[in-house]
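Undergrad: Mind looking at a prediction? Sequence and model below.
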Amino acid sequence: ERPLTSSKEFTIQVQNLNDNPPVFINLPETREHKCMLSAYENLELFSSIHQFKAFDLDQAHNNTSEQKLSFELNSIRTFNLRTSKYSRVNERLFIIDPNTGMLNLNGELDREKFDNYWFQITVYDQELKSVRLNSTQECLLEVLDVNDNKPRFVETLFDDFTVLPLVNEKTQIAWFGAID
């Protein structure tokens, strides 16, 4: 006797879970830093510094034509080499557009005051079934020097002096110092 069989065609729809955090895709890296930016001091207010971009694998699998990610800037601080300590600075010195990831200057950069800034950029994916994931990246922004300060003489002990005519050649008769 032949075994009895039957068949039926059906479609199984697999729904995606939000199980992949978004990933930054355009971080300017160096050997020492995963995210290293630079900007010249005296940069014009509201100038663009960098546009952060990210990719979410879950949104790609959900056939979303445009990824809906949001960006946030946190914990702005500077590192002082003399004290070997981080110091908090104005939290509004930089601003980021939450929709585009564009980082803009919102204050004054002066290399003679601070030559670096550290901050965190966080990217969030779109909530899916009550789950929202994120990725955070620590970034360093180096402030590049512009020749914007005149050199000045260091104070000397006397304003004028006399040199005797009998002084030998190559004899130091005065010392002048300057700071730029």
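TA: Cool, the structure landed.
Undergrad: Now Glu41: closest residue in space that isn't a chain neighbour?
TA: Arg111 (4.2 Å; C-beta to C-beta, 6 or more residues apart in numbering). C-beta: built from backbone N, CA, C; applies to glycine.
Undergrad: for the one you found, phi and psi?
TA: Here the main-chain torsion angles of Arg111 (degrees, to the nearest 10) amount to phi -60, psi -30.
Undergrad: Check this structure and tell me which residue is nearest its centre.
TA: The residue lying closest to the centre of the chain (C-alpha atoms, centre = their mean) is Cys139, at 4.0 Å.
Undergrad: Please determine how far the closest residue to it other than its chain neighbours is located from Ser47.
TA: Counting by C-beta to C-beta, 6+ apart, Cys35 is the residue found nearest to Cys139 once chain neighbours are left out, at 3.8 Å. For Cys35, the distance to Ser47 (C-beta to C-beta, to the nearest Å) stands at 19 Å.
Undergrad: Of these two, give the one with the bigger neighbour count.
TA: Cys35 (21 against 13; other C-beta atoms under 10 Å).
Undergrad: And for Asp148, the neighbour number?
TA: Neighbour count for Asp148, taken as other C-beta under 10 Å: 11.
Undergrad: can you pull the contacts of it?
TA: Neighbouring residues of Asp148 by C-beta atoms under 8 Å, 6 or more residues apart in numbering: 41-42.
Undergrad: for the one 3 residues further on, same thing?
TA: Contact criterion C-beta under 8 Å, 6+ apart gives 178-180 as the residues in contact with Pro151.
Undergrad: about what we covered before: who does the residue nearest to the centre of the chain bridge with?
TA: Phe119 (DSSP bridges).
Undergrad: Might you report the residue contacts of it?
TA: With C-beta under 8 Å, 6+ apart as the criterion, the residues that contact Cys139 are 27, 33, 35-37, 118-121.
Undergrad: How about Asn18?
TA: If you count contacts by C-beta under 8 Å, 6+ apart, Asn18 has them with 58, 125, 127-129, 131-133.
Undergrad: Not counting its neighbours along the chain, what's nearest it?
TA: Leu128 (3.7 Å).
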